[in-house]
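Chemist: Structure for this input, please:
(chains A and B)
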Amino acid sequence: MIAVSLKIALWLAALGVLLPLLAGAVSRQRARLVGREAPAELVLFGETFSGGFTPIVEAFRALTRAPVPVAGAGRIWRIASPFLWLAPWFVILAVVPFGGVFRFGDTRIALVVAETDVGLVLVWLAFAANACVRAASRAAGGRAAEGRGSGWLAAQAAAARAQAVSAAAAVSVLGMVLWAGSLDLQAIVLAQDAVLPVFAAPTAVWQAVLAVPAWGAFVQPLGFALFVVSLLVAGERPPDHPADAGSWPPGPAARLANGLARPVGAALVVALFLGGGAVPYLPAERLIGAVSRVYGEGFATGFVLLLQVGTFFAKVVGVALVQAALSDRWSHRAAGALGTAAAPDRFVRRLLPLALANAGATAVFLVASGGGAA
Amino acid sequence: MHQEFLGILLMLAVAALLAAAVSLFARRRADRPEVAATGDSAPATGPGRFALAAVAALAVWVGLLALVPWAVAVRALGWPGLGNAVAFALPIGLGIAFLRRKGGLS
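Modeler: Residues are numbered from 1 along each chain as shown, chains lettered A, B, ... in the order given. Below you'll find the predicted structure:
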């Protein structure tokens, strides 16, 4: 119980730093793109704060903006929707490992909140749940503002789009399941803590130079690209929700959930495709062995544990910042070219077939070669 | 065994607390709802096509979950396993392709 609580506290502390940081980065990026100055002042109790407080200002403003009223949405939906928006992301956080498994004598420490061997199934269910909440929210908002018929139309478009994107994200990681032979995210992370063998290298030196970490991004490049693109598209404003029709998503909990989507998505990208907390070219066992020769095994294990946690969150920050930059540039370009801030539907419809083709090709390769991590 | 569910339940409790806090805080700042429901006009296209999209999504998700046991043991099952997986996925894939061709997903 204490260990689980400590791990949850670590996630909350990380989110407490990441969310304002990302909100500030996104705000500055958007301000640059549209050629205006980023708002940088926070007025609290009559005092004006500016400069380094920009990220906090942006997070505070995003969370406290008045919600879009949805008078016709129904009381149960209004009460339940904030939880339904947030719950899928917290379930994902519970199963994403932020490091490997360590032993201090008889004590075993796994750096994951919920150590389950079906973690990826829970991630898929969370994706599906999030897609359903998006569609239901659009239906409720649409019915309140535009009448029941328009609400159904909006819900239909939102449901088809959200399900297509989240199904594409789920199928794009099927290749990693095939390669690692497990649905356990911890096992998938541990399988990446190695170096891929290099064939046809003339000498041992060339073998060392050409070696790449056994990260998902290298063994499943198409799956990696499709997963990242699916996450980018999932957070976008729907095409039937024009920029001047109020804020998207519609409500403070939904906005917080959309804010959470970036760090949680980045954590998933890091765990599934970038080796989790693994340090490139330095597998944990070898590192513990090297350090323990000088400082003893307990210190070495603790050192590598902290190193993996730090490496994991550093990777998450990097991926989240890159995602934010890509997403805004893409949206800005799409808005200029198409008059809407959403990715073209023709593009969205190609994600799922590509992801299925990637999974099929991976299966054929693994059966034919007998390769993979398992 | 219960430890894995304890972690997930605690995370859900955190989500519930956060949702309650955000809702209460936002409600204090928000103005009174001004947009009222504007009648119950009949659906323009009806929920029929919505159901088509929902069934297609369900088929993808169920197909994906049903393929998971094969995906975990793909090497052990070899070519016969791959053949079985294709035989299972093909009708679902053809159904979705047919639905898409008929405009059910547009």
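Chemist: Which parts of chain B are helices?
Modeler: In chain B, the helices defined using DSSP state H lie at B:2-29, B:47-72, B:74-101.
Chemist: Could you give the average pLDDT over stretch A:293-305?
Modeler: Per-residue pLDDT over stretch A:293-305 has a mean of 87.
Chemist: now do stretch A:268-282
Modeler: In this model, stretch A:268-282 carries a mean pLDDT of 87.
Chemist: lowest-confidence stretch among the helices of chain B?
Modeler: Looking at the helices of chain B, the bottom one is helix B:47-72 with a mean of 72.
Chemist: buried ones in stretch A:11-23?
Modeler: Neighbour-count burial for stretch A:11-23, counted by 16 or more other Cβ atoms under 10 Å in any protein chain shown, picks out A:W11, A:A14, A:L15, A:L18, A:L19, A:P20, A:L21, A:L22, A:A23. (Each C-beta comes from the backbone N, C-alpha and C, glycine too.)
Chemist: Enumerate every residue touching the fourth one.
Modeler: In this case it means A:L18. Each residue near A:L18 by Cβ atoms under 8 Å, 6 or more residues apart in numbering or on different chains is listed here: A:P263, A:V316, A:V317, A:A320.
Chemist: Could you list the residues in contact with stretch B:68-81?
Modeler: Residues outside stretch B:68-81 that contact it (Cβ under 8 Å, 6+ apart): A:121, A:174, A:177-178, A:181-183, A:359, A:363, A:366-367, A:370, A:372, A:374, B:82, B:84-85.
Chemist: Any figure for the gap between the residue in the stretch 201-350 of chain A that chain B sits nearest to and A:L15?
Modeler: Going by Cβ to the nearest Cβ, chain B is nearest to A:P252 of the stretch 201-350 of chain A, at 4.0 Å. For A:P252, the distance to A:L15 equals 16 Å [Cβ to Cβ, to the nearest Å].
Chemist: A:F102 - that's part of a strand, no?
Modeler: Yes: according to DSSP: H, G, I helix; E, B strand; the rest coil, A:F102 belongs to a strand.
Chemist: who does it bridge with?
Modeler: A:I109 (DSSP bridges).
Chemist: Just give the number of residues close to it.
Modeler: A total of 17 residues lie near A:F102 under the criterion other Cβ atoms under 10 Å in any protein chain shown.
Chemist: Determine which two of the contacts of A:L18 are furthest apart.
Modeler: Farthest pair in these (Cβ to Cβ) is A:P263 and A:V317. Separation: 8.5 Å.
Chemist: Checking my notes, A:V112 in a strand, right?
Modeler: No: assignment of A:V112 by three-state DSSP gives coil, placing it outside any strand.
Chemist: What does the pLDDT read for it?
Modeler: 88.
Chemist: Isn't it up against A:L185?
Modeler: Yes: between A:V112 and A:L185 there is a contact under Cβ atoms under 8 Å: 7.2 Å.
Chemist: which residues are in contact with both of the two?
Modeler: Shared between the contact lists of A:V112 and A:L185 (criterion: Cβ under 8 Å, 6+ apart) are residues A:V95, A:V96, A:P97, A:G119.
Chemist: ok now do the first one, which residues does it touch?
Modeler: Taking Cβ under 8 Å, 6+ apart as the criterion, A:V95 is in contact with A:V112, A:V113, A:A114, A:T116, A:G119, A:L120, A:L122, A:V123, A:L185, B:I8.
Chemist: pLDDT weak spots in chain A?
Modeler: For chain A, the stretches with pLDDT under 70 are A:26-75, A:138-161, A:198-202, A:204, A:207-209, A:235-251, A:328-349, A:371-374.
Chemist: The helix ranked longest in it - contacts with which helices or strands?
Modeler: Longest helix in chain A by number of residues (criterion: DSSP H): helix A:297-338. Counting contacts by 3 or more Cβ pairs under 8 Å, 6 or more residues apart in numbering or on different chains; DSSP states H and E, helix A:297-338 packs against helix A:2-34, strand A:101-104, helix A:221-234, helix A:252-273, helix A:284-295.
Chemist: now, of those, which is deepest in the fold?
Modeler: helix A:252-273 (a mean of 25; mean count of other Cβ atoms under 10 Å in any protein chain shown).
Chemist: Next, the angle from it to helix A:221-234.
Modeler: Using axes from the mean of the first three to the mean of the last three Cα atoms, to 10 degrees, one finds that helix A:252-273 and helix A:221-234 are set 170 degrees apart in direction.
Chemist: okay, the angle between helix A:252-273 and helix B:2-29?
Modeler: Calculated by the same axes, to 10 degrees, helix A:252-273 forms an angle of 150 degrees with helix B:2-29.
Chemist: what's the angle between helix A:252-273 and helix A:297-338?
Modeler: Angle of helix A:252-273 versus helix A:297-338, following the same axes, to 10 degrees, is 120 degrees.
Chemist: one step back: now, among the contacts of A:L18, which is nearest to B:A16?
Modeler: Closest to B:A16, out of all of those and judged by Cβ to Cβ, is A:P263, at 19.6 Å.
Chemist: Isn't that closest one up against A:A320?
Modeler: Yes: counting by Cβ under 8 Å, A:A320 is a contact partner of A:P263 at 5.3 Å.
Chemist: what touches both of the two?
Modeler: By Cβ under 8 Å, 6+ apart, A:P263 and A:A320 have these common neighbours: A:L18, A:L22.
Chemist: Please look at A:L256 and B:V22 and confirm they touch.
Modeler: Yes: the criterion here is Cβ under 8 Å, and A:L256 meets it with B:V22 at 5.8 Å.
Chemist: tally of neighbours for the residue nearest to A:I188 when sequence neighbours are not counted?
Modeler: Leaving aside its chain neighbours, A:I188 sits nearest to A:A180 (4.5 Å; criterion: Cβ to Cβ, 6 or more residues apart in numbering or on different chains). Close neighbours of A:A180, defined as other Cβ under 10 Å, add up to 27.
Chemist: Tell me which residues are up against stretch A:166-173.
Modeler: Taking Cβ under 8 Å, 6+ apart as the rule, stretch A:166-173 contacts A:120, A:123-124, A:127-128, A:130-131, A:222-224, A:226-227, A:230-231, A:234, A:272, A:348, A:351-352, A:354-356, A:358-359, B:57, B:60-61, B:64.
Chemist: surely A:S5 meets B:L10?
Modeler: Yes: between A:S5 and B:L10 there is a contact under Cβ under 8 Å: 7.0 Å.
Chemist: hey, what's in contact with both of these two?
Modeler: Common contact partners of A:S5 and B:L10 (Cβ under 8 Å, 6+ apart): none.
Chemist: From B:L65, how far off is A:I188?
Modeler: From A:I188 to B:L65 the distance is 18 Å (Cβ to Cβ).
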